[in-house]
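**Q** Okay, structure incoming, though there's no sequence with it:
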C-alpha cells in the first residue's frame, strides 16, 4: 500500500498506482474502489483541495505562495524540463504586444513587451508552461472564515477566477483554462452549483490545460460538477419496469460540444460531404444512447461504494463531496453492450470503469477531435476565422506532437501561438482576420494596464456578477446561460460578416444593450478609480505611470497604443484621442481627468475592442 496526502491534509491509502478517495470530513481512510484520476486526490494536482461547504480545513504548510497564502499546484502535466536559451527574438514591439494580448489577460507595462523581445518566444512559452498556479479551492478555504458558519459562497468562486486572471504570473494557463471552460461548460446560472464544485472544476481545467486532451476529457467526465450539471451523476441502468434509461445529457454534449461536433471534418476543419453534397453526421441517436449506457453507474466520490444504497445517499446540501472524482457503483451500471463511434461496440459485462475508459478512448481517437478543438482554441486566443491551412497545422500537432503523442495540449497551444498566421506585423491589414475581445477580457485588460491592486494579500475582489446587460458586461465567468456558452463558435451576425461566409462568435452577446452596459461599466471603473468598496476587497487602479505622461499627450496615447492596441491604433483614433487630451485642463489637480476621459473613449473604440 502507498499513502497520498489529499487536498485537505488527510491521508488516503490506495493500491500502488490506483488513487482512491477519502470520505469528506473523516479522520480515518476508507478503502474504496480505484478511481480514474480527476485530481489523483493529491495536492500535486490543480483539482485537489476543498470539500463540502462546511468542511473543516486542514492544509499542509508546503507549497504555499508566501504572498497570498494560497496553496500552489505542483507537478502539473505539460511542464517542460529542458529550459531553452533566452535568445533575443525577431519579434517587433507590435508583434510581441500582440502575443501578450493573445496569451494573457493584458499587458501591465511596456516593459513586458521589451522583456518578451529580449528573451524570445520559446523561452517565454517555457516559463508560462512551467509557471505554478494557485488552487481556486485553496482560495475558498482561505476566504470562508469571513462569513457566518465558515461557509464558502458562490461569490468566492467568481473571485478566485478573477484573482487568477489579474494577479497570477501564469497568464497563459489562465487564458487556456478559460478557453476550455467555454468549450466544456458548467454554469451556475440556475444557480445551484456549489462553490467547491465550481472552483474544483476550474482547478481541474488549470491542471489539464497543458496536459493531454484524453486526460482532460476523462477529468471532465468524472468531475461531480459536470456530473451534476449534465446529469451523469447518479445516472442508472435501464429499468424495464419503470421505463427509465441512462440519462443522455452528458453523452450528447460530450460529443456535440466537447470533442467532435455534429459533422465529419477534414483535417483542416472543413466538413466532409457525400456524393450529394450533404454533410456527413458523426453519430446518430443510437450512439448517444450507447455512450449514455457506458457512462452510467457513477455516484459521489469519497463515500465508499460497498453499500449499493450509497449511490443515492449523499445530501447535495450537506455531505456531498464536490471535489473528488465520481465513484463507480457496479450495480447501477448498464450491463449490456454499448454502441460507440465508428461502429465500435463495447462488450456486455464490463465494469463502469472499463466502459468509461473505453468510451473516452473511442472519442479521443476520432479524427474530428484535432480540428474541432484546435479551431475553437484558435478562435479563443487568436482569430475568429482561421484559414483551413492554419487549422490543419494545429490539428496535425494535436494528432502527433512530433514525438508520436496524440492530444498534447501544450504542443497545440504552442503551435497556435507561433503559427505564421498568429504572428506578424501586418495583422491589421489582413482580410477576415481578428476577433472581438470578450467583455471580461477587455475589463481584465484595463485592470492590468492600470496595475490594479487590492488590500488583501490573496487578491480578493468584489468582481462577482458582471453578466447584467443593463449595468454590466453581458458576460461573467461561470455564469454562461447554457452549456452552449455565452456564444456559439459558429455565430454569424446578419449583414456583411454573414454574407462573406465568416463567423464572429462574440458578437452574439454584442447588442445595443450590452454595448451601453459595457460602456457604463468602464466609465464607472475609471470614474471611481477602481471597483468595489470593501476595505479588504476594493480593486484600485494605479494612475502613477499614466500621470507621468499626462502632460505629454503624444507619449500618453503612444503608451495606450502599445499596451491596449498593440501599436495598431488607426490614425483617426489617435487624432481623436490627442484632440481630446489637449482640450482638457493641464492643472496638476485635473491631470487625472485627461487619463480617465481618454480611456473611456478607448474602451469603445474598434482599435481596442477588436483584437488583430
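**A** Perfect, I can see it now. Just so we're clear, the structure is a prediction, and the values are computed from it rather than from any experiment. Residues are numbered from 1 along each chain as shown.

**Q** wouldn't residue 206 be in contact with residue 72 here?
**A** No. Applying Cβ atoms under 8 Å as the test, residue 206 and residue 72 come out as separate, 11.1 Å apart. Where C-beta positions appear, they are placed from N, C-alpha and C, glycine not excepted.

**Q** who has more neighbours, those two?
**A** residue 206 (28 against 19; other Cβ atoms under 10 Å).

**Q** Would you confirm that residue 450 contacts residue 541?
**A** Yes. Shown here, residue 450 and residue 541 form a contact pair, counting by Cβ under 8 Å, at 3.9 Å.

**Q** the strands in the stretch 51-200 of the chain, which residues?
**A** 72-73, 133-134 (DSSP state E, counting those that start in this stretch).

**Q** should've said the chain
**A** 2-5, 11-14, 72-73, 133-134, 298-299, 327-328, 338-339, 345-346, 435-436, 530-531, 539-540, 610-611 (DSSP state E).

**Q** hmm, who's touching the last one?
**A** So that's strand 610-611. With Cβ atoms under 8 Å, 6 or more residues apart in numbering as the test, strand 610-611 has contacts from 101, 102, 434, 435, 436, 437.

**Q** related to what we said a few turns ago, for the strands of the stretch 51-200 of the chain, which has the smallest mean pLDDT value?
**A** Lowest mean pLDDT within the strands of the stretch 51-200 of the chain: strand 72-73, at a mean of 93.

**Q** mind listing what that strand pairs with, with the direction of each?
**A** Paired strands of strand 72-73, with direction, are strand 133-134 (antiparallel) (DSSP bridges).

**Q** where in the stretch 151-300 of the chain is pLDDT low?
**A** Counting by pLDDT under 70, the stretch 151-300 of the chain shows no low-confidence range.

**Q** swap in the chain?
**A** 1-62, 469.

**Q** In it, which residue is most central in space?
**A** Centroid check for the chain by Cα atoms, centre = their mean gives residue 178 as the closest residue, at 1.9 Å.

**Q** I figured that residue was touching residue 477, is that so?
**A** Yes. Using Cβ under 8 Å, residue 178 makes contact with residue 477 at a distance of 7.2 Å.

**Q** Pull up the overlap in contacts between these two.
**A** Contacts common to residue 178 and residue 477, judged by Cβ under 8 Å, 6+ apart, are residue 161.

**Q** list the contacts for residue 143?
**A** 152, 156, 159, 458, 460.

**Q** and the gap between the fourth one and residue 68?
**A** If you measure residue 458 against residue 68 using Cβ to Cβ, to the nearest Å, the figure is 5 Å.

**Q** ditto for the second one
**A** Applying Cβ to Cβ, one obtains 14 Å for the distance of residue 156 from residue 68.

**Q** These two - which one has more neighbours?
**A** Taking neighbours as other Cβ under 10 Å, residue 156 and residue 68 compare with residue 156 leading, 25 against 20.

**Q** The more buried one is in contact with residue 141, isn't it?
**A** No. Taking contacts as Cβ under 8 Å, residue 156 lies outside contact range of residue 141: 9.7 Å.

**Q** And for the closest residue to residue 468 other than its chain neighbours, the neighbour number?
**A** In space, not counting the residues next to it along the chain, residue 468 is nearest to residue 517; the distance is 6.7 Å by Cβ to Cβ, 6 or more residues apart in numbering. Using other Cβ under 10 Å, residue 517 is surrounded by 21 other residues.

**Q** could we number from 4 for the rest of this?
**A** Fine by me, first position is 4 from now on; the one you just mentioned is residue 520.

**Q** Identify the residues contacting residue 520.
**A** 471, 472, 473, 474, 475, 476, 477.

**Q** Hmm, residue 416 is touching residue 175, no?
**A** Yes. If you go by Cβ under 8 Å, residue 416 and residue 175 touch, sitting 7.1 Å apart.

**Q** what is in contact with those two at once?
**A** When Cβ under 8 Å, 6+ apart defines a contact, no residue borders residue 416 and residue 175 alike.

**Q** So which of the strands of the stretch 54-203 of the chain is nearest residue 270?
**A** Among the strands of the stretch 54-203 of the chain, strand 136-137 comes nearest to residue 270, with 32.2 Å by Cβ to Cβ.

**Q** Which residues does that closest one contact?
**A** 49, 68, 71, 73-76, 79, 166-167, 171, 173, 176-177, 209.

**Q** one more time with 6 Å, if that's ok
**A** 68, 73, 75, 76, 173, 176, 209 (Cβ atoms under 6 Å, 6 or more residues apart in numbering).

**Q** can you check stretch 430-439 too?
**A** For stretch 430-439, contacts defined as Cβ under 6 Å, 6+ apart pick out 386, 387, 388, 505, 509, 571, 613, 614, 615.

**Q** Straight-line length of stretch 161-179, end to end?
**A** Using Cα to Cα, to the nearest Å, the end-to-end distance of stretch 161-179 comes to 17 Å.

**Q** thinking again about what came up before, the strands of the stretch 54-203 of the chain: which one's closest to residue 603?
**A** Using Cβ to Cβ, the nearest of the strands of the stretch 54-203 of the chain to residue 603 is strand 136-137, at 32.7 Å.

**Q** now that closest one, how far from the chain's geometric center?
**A** From the chain centre to the centre of strand 136-137 is a distance of 14 Å (Cα atoms, centre = their mean, to the nearest Å).

**Q** What's the local residue count around residue 151?
**A** 5.

**Q** Distance of residue 606 relative to residue 530?
**A** 12 Å.

**Q** The two: which is more packed in?
**A** Comparing residue 606 with residue 530 by other Cβ under 10 Å, the one with more neighbours is residue 606, at 21 against 10.

**Q** any idea how far the residue nearest to that one when sequence neighbours are not counted is from residue 427?
**A** Excluding the flanking residues, the one nearest residue 606 by Cβ to Cβ, 6+ apart is residue 525, at 3.9 Å. Distance of residue 525 to residue 427, computed by Cβ to Cβ: 30 Å.

**Q** And residue 168, by the same measure?
**A** From residue 168 to residue 427 the distance is 27 Å (Cβ to Cβ).

**Q** now do residue 322
**A** 55 Å.

**Q** next one: residue 523
**A** Counting by Cβ to Cβ, the gap from residue 523 to residue 427 is 36 Å.

**Q** can I see the domain layout of this structure?
**A** Structural domains assigned to the chain are 5-79+135-370, 554-615, following automatic domain parsing.

**Q** if we can go back for a sec, who has more neighbours out of residue 168 and residue 427?
**A** Taking other Cβ under 10 Å, residue 168 and residue 427 do not tie; residue 168 has more neighbours (25 against 16).

**Q** Please tell me I have it right and residue 539 contacts residue 458.
**A** Yes. With contacts counted by Cβ atoms under 6 Å, residue 539 reaches residue 458, the gap being 5.5 Å.

**Q** Buried residues of the longest helix anywhere in the chain, list them for me.
**A** Counting by DSSP state H, the longest helix found in the chain is helix 515-530. For helix 515-530, a neighbour-count test (16 or more other Cβ atoms under 10 Å) marks 517, 520, 521, 524, 525, 526, 528, 529 as buried.

**Q** residues touching the fourth one, list them.
**A** Residues touching residue 524, when contacts are defined by Cβ under 6 Å, 6+ apart, comprise 475, 476.

**Q** Just want to check the distance between it and residue 363.
**A** In terms of Cβ to Cβ, residue 524 sits 40 Å off from residue 363.
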